[in-house]
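# structure, please.
(2 chains)
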Amino acid sequence: MATLATPLSKKRQEAPAVRAFRATPFTYGTLLIVAAILTTPLVFVGSIALSSDATVNAGSYTVIPREFHWDNFSRVFGTELPVGTFLLNSVLISLFSVVGQVLSSGLVGYAFARLRAPGKNTMFLVVIATMMIPTQITMIPQFILFRDLGWVNTFLPLIVPNFFSNAFNVFLVRQFVSRLPSQLDEAAMMDGLGFFGIYRRIMFPMLRPVLIAIGIFTLTHTWGDFMGPLIYLNDESKMPLALGVQYITATSQAGQAPPWNLVMVGSILLAVPMIIVYYLGQKYLYEMDISGGSAGVK
Amino acid sequence: MATTTAPTPPPEAPAATKSPTAPKKPKLSKRRRREALSFYLFVSPWVIGFLVFLLGPMIASIYYSLTDWDSFTPPQWVGFQNYVTLLTDDPVFWKALWNTLFYAAVSVPLGLVLGLWLANLLNKQVRARKLLRTLIYLPTLIPLVATAMIFRMVLAPSGPLNDFLGLFGVSGPNWLYDGPWVKPALILMSTWGAGAATVLLLAAMKGIPRELYEAAEVDGASAMRQFWSITLPHLTPIIFFNLIMGLIGAFQVFSQVYILVSKGKNPAGYDAAQTMVPFLFDQAFSYYHMGYASAISWLLFLVILVFTVIAFRTTRRWVFYETEVK
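Prediction:
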C-alpha cells in the first residue's frame, strides 16, 4: 500500500494529475484575450481623460493614450465644472448613510439573534419577506412623503431611511451573532450589564467584520446610486458625483459636445474610491461569503 | 489541583440558575419582560422603517394605482382603469415589457455562461491566476454610471468597438442610435460585468471535492467529460439561483438605459430600448402620472414575484444539496 502511494503522490506534485485542472496554451490564450478585452475600456477611459480639449472636440482620441494632460485632473476641481462639490456631496451622503446603516442594522440584528420576546419569529419572517419587495413599489409614495416633508432638494431622503436598518443587513448581523458563543453575553449579564450595555461593550466590538461588510455594501450602493439623487436633487450644487457626471453630459449646450475628457476624469473619480474600498475590505466581504452570510448567494 | 478546582464551579452554577427558576417564578418573568421590552426597543428602528418606508407606502401605492393623480390636485378614483389601459391600450407598456424580457432573457444567461466558462479556465492550475481574476473582476467594481459613461464612448460610431470590428472588415453600426442595435449594445455592456459570476462560480468550484476528479481521471475521463459530469452538476443549483436573482435584477434595469438612450437626445434609441423602470420613472417624474406609474410598479412587482417564488423554492433545494454533499 505504502509503496504504491508514494510514486502516485510524487507524480501528482510533478504535473497536475487531473485533466480538468491542466492548463493548456489554449487556456492561457483565452484568459489573456478575455482579460485584454475587459481591460480595454478602462485603458480607453484613461486615454480620454488625459486628452486635450482639442483632441476631444475632434474625437481623435485613441485607446492607447498618446498625450498626457494630467492637468485635467486638477481642472475638474477648478471653476469649469463643480466636480469638487459633487465629490463632497457624495462623501457626505455616503458617510451618513453608512453610519446610519451600521448603527441601526447592528442593533436590530443583535436583538433578533439574542433577545427573546413574543412575536419575534413572526417579525423576523416579515423582515425576510420585505427583501422580496422591489424598490419601485415604494418609490412614488416615498417621493410624495418626502416632498410633503419639504425634503426635496436636500440629502435627507437619501440618508434618513438608512437610520432605520435594512432587511438584508439585519439578516447578515443576525446570522453573524447566532454563530458567536453566548457565554460572553451571559457572563456580562452576570456582571450586571443591561442588554444595551452587552450590545455596546461586548457585541459591537465583536461585530466588526460584519459591520465593516455592511458599511462597504452601503457605501458602494449609496456612492453609485443614480435613481435616488435623480428623483430628489435638482440643484447642481446638491448633486453627488454619480448624478453630476451624467448631468454634465446631459446639459452641455446644444450642438456642443460634452467635455468628454473632464467627464471621464469624473468617472474615474467615481470609480477609483470603490476599487480601493473593495481591495481594503475584501477580506471582510470574503469572510461574509464563507460564513454563508450572503443569504445563499454564495 | 485539577480535581479540587474543577468540581467547585459546577455546584455554584446550577445553584445560581436554579434559584431564580424554581422558587421565584415572578422574578424570572419580570426579567423576561425586561428582555422583551429591550427587544422591542432595539428593533424599533426596523419597525418604524418598515411602517413608514415600506408598509405605508405600499398601501398608498395600491390606492394611487386606482386613481388618476398628478400629485398636486386631489386624486380621482378610477378603479382598475389604469391597469386596464396598461394591459389593453398602451403599446408603450407592452414594448417596454418586451424589451425588458428580451434584455433579461439574453443578458443574464449570457453573463452566467461567460462566467462559468471563465471560472472553469481560472480553476485550472494557471500561473498569475490572482492577477487574471482581478482583471476579470475589476469591471464589476466600477459604479454603473461610470460604466454607462465608458460605454457611451466605447460604443460610439468611431469608438474602439467599431475599430475592432473594422479589423475584420465589418463596419459596425451606430450602436446606441440605430434601432435594432440598441438592445444588443445594452447586453454587450452587461457582459462587461461577467466577472461577478466568474468569481462566485470559481469560489463554488473550489468547494467540489477533488477526489471526484481523481476518480474520474482513473476512469480515463477527458477534461471536457470531467467538466460536464462533475463540475457542472455540482454548480447547477448555484447557477440556477443566480439566474433567477440575475433576472430579478435585470427586470429593474434603469440607470444604463436612462443614461445611454435618453429620451430627449436619442429618441430612436429610446424607442428601441425602453424598459419597464425607465418607463415607470418617466410616467411618474416627467408626466406626473402618479396613479398610472403606481399601476406599472405593481405589474412589475407581479412579474418579479413569480421569479422570486421560484428563487426561494430553489434556495431550499440548494441548502438541501449543500448538506447532502457535506
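
# show me the shaky parts of the stretch 101-250 of chain A.
For the stretch 101-250 of chain A, no stretch is flagged by pLDDT under 70.

# try it again with 90
A:131-133, A:178-194, A:201-202, A:248-250 (pLDDT under 90).

# what segments of it are helices?
Assigned by DSSP state H, counting those that start in this stretch, the stretch 101-250 of chain A shows helices spanning A:120-130, A:135-148, A:156-159, A:167-178, A:183-190, A:195-197, A:204-206, A:208-224, A:227-232, A:241-251.

# could you pull out the buried residues of the longest one?
By neighbour count with 16 or more other C-beta atoms under 10 Å in any protein chain shown, helix A:208-224 contains the buried residues A:209-224. Every residue, glycine included, has its C-beta placed from N, CA and C.

# hang on, the earlier thing: in TSV: the helices of the stretch 101-250 of chain A, plus distance to chain B.
Supplementary listing: those in TSV, determined by distance: least, C-beta to the nearest C-beta, whole Å:
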stretch	distance to chain B
helix A:120-130	6
helix A:135-148	3
helix A:156-159	10
helix A:167-178	6
helix A:183-190	8
helix A:195-197	4
helix A:204-206	12
helix A:208-224	3
helix A:227-232	6
helix A:241-251	4
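
# let me have these in CSV, extended by distance to A:S60.
Output for those, formatted as CSV (distance: least, C-beta to C-beta, whole Å):
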stretch, distance to A:S60
helix A:120-130, 52
helix A:135-148, 42
helix A:156-159, 39
helix A:167-178, 47
helix A:183-190, 65
helix A:195-197, 64
helix A:204-206, 56
helix A:208-224, 31
helix A:227-232, 32
helix A:241-251, 19
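
# which of these sits closest to B:T85?
helix A:135-148 (17.2 Å; C-beta to C-beta).

# how about that closest one: buried residues?
Buried-residue list, helix A:135-148, by 16+ other C-beta under 10 Å: A:Q136, A:I137, A:T138, A:M139, A:I140, A:P141, A:Q142, A:F143, A:I144, A:L145, A:F146.

# stretch A:228-243 too?
A:G228, A:P229, A:L230, A:I231, A:Y232, A:L233, A:K238, A:M239, A:P240, A:L241, A:A242, A:L243.

# pull the contacting residues for the first one.
Yep, that's A:G228 we're talking about. A:P157, A:L158 (C-beta atoms under 8 Å, 6 or more residues apart in numbering or on different chains).

# that one and A:I128: what is the separation?
A:G228 is 24 Å from A:I128, where distance means C-beta to C-beta, to the nearest Å.

# okay, now the domains of chain A?
Under the assignment automatic domain parsing, the domains of chain A span A:23-69, A:83-290.

# any idea how far the residue in chain B positioned nearest to chain A lies from A:A117?
Distances between chain B and chain A by C-beta to the nearest C-beta are smallest at B:G49, namely 2.6 Å. For B:G49, the distance to A:A117 (C-beta to C-beta) stands at 18 Å.

# who's more crowded, those two?
Applying other C-beta atoms under 10 Å in any protein chain shown to B:G49 and A:A117 shows that B:G49 carries more neighbours, namely 22 against 19.

# and the nearest residue to that one once chain neighbours are set aside, what is it in contact with?
Leaving aside its sequence neighbours, B:G49 sits nearest to A:F164 (C-beta to C-beta, 6 or more residues apart in numbering or on different chains; 2.6 Å). Going by C-beta under 8 Å, 6+ apart, A:F164 touches A:G100, A:S104, B:P45, B:W46, B:I48, B:G49, B:F50, B:V52, B:F53.

# recalculate using a threshold of 7 Å.
Residues counted as contacts of A:F164 (C-beta atoms under 7 Å, 6 or more residues apart in numbering or on different chains) are A:S104, B:P45, B:W46, B:I48, B:G49, B:F53.

# so what's the residue count around the last one?
So the one you mean is B:F53. With other C-beta under 10 Å as criterion, B:F53 counts 19.

# now the closest residue to B:K124 other than its chain neighbours: phi and psi?
In this structure, B:K124 finds its nearest non-sequential neighbour in A:A23, 4.3 Å apart by C-beta to C-beta, 6+ apart. Main-chain torsions, A:A23, degrees, to the nearest 10: phi -90, psi 120.

# let me see the contact set for A:A23.
A:A23 touches B:K124, B:Q125, B:V126, counting by C-beta under 7 Å, 6+ apart.

# go through the domains of chain A and pick out the most buried.
Among those, domain A:83-290 has the highest mean neighbour count (mean count of other C-beta atoms under 10 Å in any protein chain shown), at a mean of 19.

# distance between that domain and the chain's centre?
Domain A:83-290 sits 9 Å away from the centroid of its parent chain (C-alpha atoms, centre = their mean, to the nearest Å).

# those strands in the stretch 201-326 of chain B, which residues are they?
With DSSP state E, counting those that start in this stretch, there are no strands along the stretch 201-326 of chain B.

# what about stretch B:39-58, distance to the chain center?
With C-alpha atoms, centre = their mean as the basis, the mean position of stretch B:39-58 lies at 24 Å from the chain mean.

# actually stretch A:35-47, sorry about that
22 Å.

# can that stretch be said to contact chain B?
Yes: among the residues of stretch A:35-47, A:A35, A:L38, A:T39, A:T40, A:P41, A:L42, A:F44, A:V45 lie within reach of chain B under C-beta under 7 Å from any C-beta of the partner chain.

# skipping adjacent residues, who's closest to residue 133 in space?
Picking chain A for this. B:L54 (6.6 Å).

# my bad, chain B
That would be B:L122: by C-beta to C-beta, 6+ apart, it lies 5.8 Å from B:R133.

# separation between the one you found and B:F241?
To B:F241, B:L122 is 21 Å away according to C-beta to C-beta.

# wait, the residue nearest to A:I133 touches A:M131, no?
No: taking C-beta atoms under 7 Å as the definition, B:L54 is not a contact partner of A:M131, at 10.8 Å.
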